[in-house]
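Engineer: The sequence and its predicted three-dimensional model are supplied below.
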Amino acid sequence: MAEGRILIVEDEHIVAMGIKRMLKGLGYTVTGVASSGEDAISKAESTFPDLVLMDIMLKGELDGVEAAKEIKARFDVPVIFLTAYSDSNILERVKKTGPSGYIVKPFDEKDLHSNIEIALHRHRNEKEDLEKN
Amino acid sequence: MRFKDVPLKPKLVILIVVGIFLVLAVSMAVIIGTVTTQEEKLAYDKSIEMADNYANQFDAHMKANQAVARTLALTMAEYEASDREEAIGILENVLEGNPSLIGVYLGYEPNAFDGRDRDYVNTSGHDATGRFVPYCNKIEGPLVIEPLVHYDSSDYYQLPKATGEDILTEPYFYEGIFMMSYDSPIFKDGEFAGIAGVDVPLEYVDEVASNIRTFDTGYAFMVSNTGVFLSHPTRKDWIGKKSFSDFDSKEIKNASDDIRQGIGGHIEVKDPTTGKTVIMFYEPVETGESAFVLVVPKEEMLAGVADLRDRLLIISAISIIFMAALAYMIARSITKPIDEIVDDFRNIAQEAVKGRLDVRANTDVEIDFREIPSGLNEILRAVIVPVRETIRVTNALAKGELKERVNVDVQGEFRDLGDTLDKFSETLNRIIDDSNAVLTAFQHNDFKREILVHGHGDFKLLTNGIEETRRALDLVTAQRRAAEKALLDYAMELERSNKLKEEMERVINNSPVIVFLWKYEPGWPAKFVSENITRLGYEVTDFTSKKVFYEDIVHPEDLKNMHEELARNVESGCDVYTSEYRIFTRSGEVRWVDERTFIQRDEKNEIHLQGIILDITEHKKAEEVLLQIEEIHKKEIHHRIKNNLQVISTLLYLESGNFSDRKVMDAFKESQHRVKSMALVHEKLYQSEDMVSVDFADYIQNLSNYLFQSYSVGSGKISLRLDVDNVFLGMDTAVPLGIIINELISNALKHAFSEGEDGEIYIQLHRNRRDSLSFRENYKNTEDQVAKCEKIDCTGISGTQGLNKVEDRLTLIVRDDGKGFPEGLDFRNTDSLGLQLVTALVDQINGSIELDTSRGTGFIIIFQDLKYKPRV
């Protein structure tokens, strides 16, 4: 069974519920569901997730890319983007944030699992490297 | 002669006298009537009283006589001595004691006195039988005793005997004396013994009654109850002989009836003795079986009344005369001032008729009539003022002062007079003013001023003459002016057209529209170009000197199209066409222009192109921006639809978590796949360039990967082989086809292979075309076709975006090399929802489906991309 505390950022709450169930089925702990960029930042601060699953199109001022940038900078939490968009503009912006993963909807449990596992693993390694140095 | 024509004075007198006469007559009648009634009543009362008195007096007499008889009878009843001489002596004493009697008598039954009748046969006072019947009388003068007679038959004896009561006999003559008898029965030991009676001579009645006088000639008499005269002052012969019933008179008969019944009264009757009208009063005498009658001549009784009447008549006559005199005086006092006023009035009327209006009526008259002369004076004043005013105005008019007007405020017909005069002078004034105005206008060369006021009669000659002259002059000047005006107009027209031309040029040069005239020759040399070509940085001379050809400035990419278009339009005989293309400015900048060209063909069949070009670069940019916005909107819509489908898919996923039954979970999973297959169409749509068509090769790749993952066959045991042309499909085909493919792949994955078996699923999509052009290119061509010119006007953009004209069928094959389709199962008629959906949706896209079971299971679907009209 997989381990890890995951924050879901998704403004479609039903879709968020689906993701939540999938993650639970895979054995992860869901620390919360945020529906806006601002909400995502505050929940990232208060629930200490190991990873954030971030939808790009969000309600409110901040979109997923902005929120991810902020979370990464402030709390050093890896972010995997979930999006339907394969728009090149957005892709460019996403690239600049140094994402830990990019899952295009529609996705299934396997997509989620592999992406999350890789991201968590890489992040742990990076941390260990930092500590070694 | 009418009453109106009678002078006031006699009228007044007559009315007053007649009035007073009537009043007096009525009052007199009332007074006389009342007085007469009262006097009459008095006289009657007096007479009745008198009659009553006499009647009572006689009654008293009679009562006394009767008492004598009764006393004698009672005395004799008590008499026991039986002494006949003594009894006679009593009789003698009674007779002597009562001078009013003429006889006193007793009459006994035989032997009733003393039983000794035999002793007294033929003695004095006895009859032949000796019966005691002494009759003491003084008929002859000296007192004698005689026996009674007729006692056996007469009432005086028989009635008391029979009835036992007192009686009074009818008057009768005995021995030449008229008398009446009172008889009273004598009872001895209760038995009738005889009678006692007295004779009363009636001469005494006659004496008393005949001496009675009332008024002047009134007299009285008495009658018995049967109406026989007992007395009469003049006709002594009637006494005892004549009766009331002998008179042939109704009134007397009525009176006779009353008397018999003992009733009093009075009647008016003609006296048979005197012939005068008399009132006869009768009053019964109670004891005497008689009545007292008083006769009074009516005229005497009412003498006082007549006297009073006469005096009243005299007084009335005097009053009438006096009132007549008074009426005359009153009438005189009224008529005199009236007469004076009438005289005054007549004088004034005569003076007025002679035209002298200065005379005034005398107003010093009685206050009641003062209004008449003052009213007359007012009338005179009212008349004289307008008359004088009229004279004044008429004089002024005669002197030519036409402005003079009647300026006195008068009313009614006087006003009409004044108004008529005013109107006359007004009319005259207007005619002269108007004519004057026309003539003045002549002096100023103005012949338009018409005569507005046309006179009548002689004035008409004047005004018409002026008017004719004016017309003649007007005509001449009008013709002259028309000629001048025509010249002037022409000059002005010229000037205006020049100005117009300049203005047009200015308008064009100030506008963004550049005007060209080209020759239809290679390179399109410009014959004319408007000055605002400078907008593009060129000079007019650049073109006119053929230094620059128009072709030179057109963007080389558009040049070919332009040539073709122009050639086509010229050939097809089209007159006008428009086109959009790019040109270079002098500085090399690219601008979009819209050209509208008119193709001119002259008689030599030479072709000239006349056109305008308009810089539409900004429009183009705006258009592009709009298109981009529209694209974003479409993208947004598809994104939202996809998101919603994603939500539905997630809902199905979530719901399936509540079940553990494999079949239910499968059903949810299949539904989820179907929704997913639809969501994928929208995702591919918004990823597409044109937002209209789906890159179906890409779609099939994505969908089959997803399904392979979902059915956990990603391990590589079952492989997927795709042979798909680069096909773009519209929404209407893509969604059903997506579901069809979803069902067929799902079926293959679920049923075609046994657990752990290797296999392959093959999907092929080919276009059945002879040429090699892709559908996408073909699609673009149809758009180009739309822009082509049609018919003559060449401007219409006809909408032929209905069903695609190009026969463009596609073949889809989904095949597996598994264990094959179950034998005996009709895929068109099965319980499987998946296959039901497949057949239904194949129908929807107008396709056909075939099952190929030569190796494994293969479905071959031939269909056509449907293009519906845009569903706005």
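Structural biologist: Happy to help now that I have it.
Engineer: Cross-check the contact I'm expecting between B:Ser511 and B:Asn532.
Structural biologist: Yes: B:Ser511 is in contact with B:Asn532 according to Cβ atoms under 8 Å; the separation is 7.1 Å. Backbone N, C-alpha and C define where each C-beta goes, glycine included.
Engineer: okay, those two: which has more neighbours?
Structural biologist: Comparing B:Ser511 with B:Asn532 by neighbour count (other Cβ atoms under 10 Å in any protein chain shown), the higher total belongs to B:Asn532, at 17 against 14.
Engineer: Report the secondary structure state of the more buried one.
Structural biologist: Here B:Asn532 is helix, with the state taken from DSSP: H, G, I helix; E, B strand; the rest coil.
Engineer: That one: what's it in contact with?
Structural biologist: B:Asn532 makes contact with B:508-514, according to Cβ atoms under 8 Å, 6 or more residues apart in numbering or on different chains.
Engineer: So the residue nearest the centre of chain A versus A:Thr47, what's the distance?
Structural biologist: Central residue of chain A (Cα atoms, centre = their mean): A:Leu53, 2.2 Å from the mean position. A:Leu53 is 13 Å from A:Thr47, where distance means Cβ to Cβ, to the nearest Å.
Engineer: Equivalent analysis for B:Asp666, please.
Structural biologist: B:Asp666 is 37 Å from A:Thr47, by Cβ to Cβ.
Engineer: okay, the two: which has more neighbours?
Structural biologist: More crowded of B:Asp666 and A:Thr47, by other Cβ under 10 Å: A:Thr47, with 15 against 12.
Engineer: shared neighbours, A:Leu53 and A:Thr47?
Structural biologist: Counting by Cβ under 8 Å, 6+ apart, the residues touching both A:Leu53 and A:Thr47 are A:Leu7.
Engineer: Next, the contact list for the closest residue to B:Ile330 other than its chain neighbours, please.
Structural biologist: Using Cβ to Cβ, 6 or more residues apart in numbering or on different chains and skipping residues adjacent in sequence, the residue nearest B:Ile330 is B:Leu12, 6.6 Å away. When contacts are counted by Cβ under 8 Å, 6+ apart, B:Leu12 touches B:327, B:330-331, B:334-335.
Engineer: Show me what residue of the stretch 551-700 of chain B gets nearest to chain A.
Structural biologist: Going by Cβ to the nearest Cβ, chain A is nearest to B:Thr650 of the stretch 551-700 of chain B, at 3.4 Å.
Engineer: Quick check: B:Ala526 touching B:Tyr550?
Structural biologist: Yes: with contact defined as Cβ under 8 Å, B:Ala526 counts as touching B:Tyr550 (5.6 Å).
Engineer: Mind listing the shared neighbours of the two?
Structural biologist: B:516, B:518, B:543.
Engineer: what's the offset of stretch B:842-858 from the middle of its chain?
Structural biologist: 90 Å (Cα atoms, centre = their mean, to the nearest Å).
Engineer: Let's see the distance spanning that stretch from one end to the other.
Structural biologist: Counting by Cα to Cα, to the nearest Å, you get 15 Å between the two ends of stretch B:842-858.
Engineer: Run through the residues that contact whichever residue of chain A sits closest to chain B.
Structural biologist: Residue nearest to chain B within chain A (Cβ to the nearest Cβ): A:Gly18, separated by 3.4 Å. Counting by Cβ under 8 Å, 6+ apart, A:Gly18 makes contact with B:649-651, B:653-654.
Engineer: secondary structure class for it?
Structural biologist: helix.
Engineer: so how far does stretch B:364-375 reach from one end to the other?
Structural biologist: With Cα to Cα as the measure, stretch B:364-375 spans 13 Å from end to end.
Engineer: One more: stretch B:290-308?
Structural biologist: 38 Å.
Engineer: Would you mark the buried spots in the helix or strand B:Trp592 falls within?
Structural biologist: Using DSSP states H and E, B:Trp592 sits within strand B:590-601. Neighbour counts over strand B:590-601 (16 or more other Cβ atoms under 10 Å in any protein chain shown) mark B:591-595, B:597, B:599 as buried.
Engineer: Paired strands for it, with orientation please.
Structural biologist: Its sheet considered, strand B:590-601 pairs with strand B:576-584 (antiparallel), strand B:607-615 (antiparallel) by DSSP bridges.
Engineer: Average pLDDT for the longest helix anywhere in chain B, rounded please.
Structural biologist: Identified as the longest helix of chain B according to DSSP state H is helix B:8-78. Helix B:8-78 comes out with an average pLDDT of 84.
Engineer: Quick one: distance of it to the chain centre.
Structural biologist: 78 Å.
Engineer: Next secondary structure after it?
Structural biologist: Moving toward the C-terminus from helix B:8-78, the next helix or strand (DSSP H and E) is helix B:84-97.
Engineer: any idea how far the spatially closest residue to the residue of the stretch 551-700 of chain B closest to chain A that is not a sequence neighbour is from A:Thr47?
Structural biologist: Spatial nearest neighbour of B:Thr650, chain neighbours left out: A:Gly18 (3.4 Å); criterion: Cβ to Cβ, 6+ apart. Separation of A:Gly18 from A:Thr47 (Cβ to Cβ): 20 Å.
Engineer: May I see the buried residues of the longest helix along chain A?
Structural biologist: Longest helix in chain A by number of residues (criterion: DSSP H): helix A:109-132. Neighbour-count burial for helix A:109-132, counted by 16+ other Cβ under 10 Å, picks out A:109, A:111-113, A:115-116, A:119-120, A:123.
Engineer: Stretch B:615-622 too?
Structural biologist: Under 16+ other Cβ under 10 Å, the buried positions of stretch B:615-622 are B:615-616, B:620.
Engineer: Compute the inter-axis angle for the longest helix of chain B and helix B:84-97.
Structural biologist: 160 degrees (axes from the mean of the first three to the mean of the last three Cα atoms, to 10 degrees).
Engineer: So which elements touch whichever strand or helix holds B:Phe414?
Structural biologist: Assessed by DSSP H and E, B:Phe414 sits inside helix B:412-443. Applying 3 or more Cβ pairs under 8 Å, 6 or more residues apart in numbering or on different chains; DSSP states H and E, we find helix B:412-443 packed against helix B:371-398, helix B:458-510.
Engineer: tell me the most buried of those helices?
Structural biologist: Compared across these, helix B:371-398 shows the largest average neighbour count, a mean of 15 (mean count of other Cβ atoms under 10 Å in any protein chain shown).
Engineer: Mind checking the pLDDT average for it?
Structural biologist: Mean pLDDT, computed over helix B:371-398, is 83.
Engineer: How about the closest residue to chain A within the stretch 201-350 of chain B, nearest residue that isn't a chain neighbour?
Structural biologist: When scored by Cβ to the nearest Cβ, the stretch 201-350 of chain B has B:Ile348 as its residue closest to chain A, at 120.0 Å. Among residues not flanking B:Ile348 along the chain, B:Val359 sits closest, at 5.2 Å (Cβ to Cβ, 6+ apart).
Engineer: thinking again about what came up before, give the contact list for the residue of the stretch 551-700 of chain B closest to chain A.
Structural biologist: A:14-15, A:17-18.
Engineer: sec struct for it, please.
Structural biologist: B:Thr650 ends up helix, using three-state DSSP.
Engineer: and the gap between it and B:Val94?
Structural biologist: 181 Å.
Engineer: Please apply the same query to B:Leu500.
Structural biologist: For B:Leu500 relative to B:Val94 (Cβ to Cβ), the value is 185 Å.
Engineer: Then A:Glu128?
Structural biologist: 209 Å.
Engineer: Could you do B:Thr274 as well?
Structural biologist: 42 Å.
Engineer: B:Glu493 now?
Structural biologist: Following Cβ to Cβ, the distance that separates B:Glu493 from B:Val94 is 183 Å.
Engineer: same check, this time on A:Tyr28
Structural biologist: Applying Cβ to Cβ to A:Tyr28 and B:Val94 gives a distance of 191 Å.
Engineer: Pick out whichever of these two has more residues nearby.
Structural biologist: Comparing A:Tyr28 with B:Val94 by other Cβ under 10 Å, the one with more neighbours is A:Tyr28, at 23 against 20.
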